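In: kindly generate the corresponding structure for this input.
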Amino acid sequence: MLLNFTTKIDFDKKFKQWKINSVSFKRLYGDKEIDNFLQLLYDAYIIVKPEHLDKFRGLVFEMLMEAYYKNIYNKPKVDKFCCGCKVIINGNDVLYECGEDEENNRSTVDIAGYNTEDSKFYELKVGPAGFEENTINYLNNLHTEAITHKISKSIVVGCMTLKPKSALKIKLKSINHEALELNGIREIKNLLKNKAS
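Out: Next comes the predicted model:
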């Protein structure tokens, strides 16, 4: 849905058919839950202004992944989970400071889940175009700091997009991203299917 409805015109033309085609989701999650979810999305799409549609689509993607990871990092007093947050390691904020342009400085990550066994940090964009160099540099800094300070036994820092992983690789071709985990639509679907089964 987030990939298909990039404009209000697309939404008006295609939503009814897309809802009919969503039968496969109902098998995974149940009729009532999917119907309620689709109604919430429909109501939100109707009221969002066209100029805010891209931001809205990104927020829905973040909320879906937040719900998934919040379920993983849910043990009180052991786990920490946050979205849209600063990461602080040994009392120091993890930052990326761009020398020429302060507007390109980065100090937050979209999804952060932590415990002493494993940590996961992800930046999420509906499409690969949103992954600018400053974002990747921030994630590289975060990975370096997390590894250097051994914050967990397993540490994953990465990017998620609803486009294929190959499109993300092409976008990042000229930017150092070797330490980062890259996830596209197939990897995300597999994550969510594993949760449902």
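
In: return the distance of stretch 84-102 from the chain's centre.
Out: Offset of stretch 84-102 from its chain centre (Cα atoms, centre = their mean, to the nearest Å): 19 Å.

In: in it, what counts as buried?
Out: By 16 or more other Cβ atoms under 10 Å, the buried positions in stretch 84-102 come out as 87, 94, 96. (C-beta placed from N, C-alpha, C; glycine too.)

In: same thing with stretch 4-11?
Out: 5, 11.

In: stretch 52-60 too?
Out: 53, 56, 57, 58, 59, 60.

In: quick one: which of those is nearest to residue 178?
Out: If you rank those by distance to residue 178 using Cβ to Cβ, residue 58 comes first, at 25.7 Å.

In: and the residue nearest to the closest one when sequence neighbours are not counted, how many neighbours?
Out: Using Cβ to Cβ, 6 or more residues apart in numbering and skipping residues adjacent in sequence, the residue nearest residue 58 is residue 126, 5.5 Å away. Neighbourhood size, residue 126 [other Cβ atoms under 10 Å]: 20.

In: could you list which of the buried residues of stretch 52-60 belong to helices?
Out: 53, 56, 57, 58, 59, 60 (DSSP state H).

In: contacts only, for the nearest residue to the last one once chain neighbours are set aside.
Out: With Cβ to Cβ, 6+ apart as the criterion, residue 60 has its nearest non-adjacent residue at 6.0 Å, and that residue is residue 2. Neighbouring residues of residue 2 by Cβ atoms under 8 Å, 6 or more residues apart in numbering: 57, 60, 61, 126, 162.

In: residue 2 and residue 136, how far apart?
Out: Remark: distance between residue 2 and residue 136 (Cβ to Cβ, to the nearest Å) = 22 Å.

In: quick one: the helices in this structure, in order.
Out: Using DSSP H, helices in the chain cover 8-21, 23-29, 31-47, 53-72, 133-148, 165-171, 185-196.
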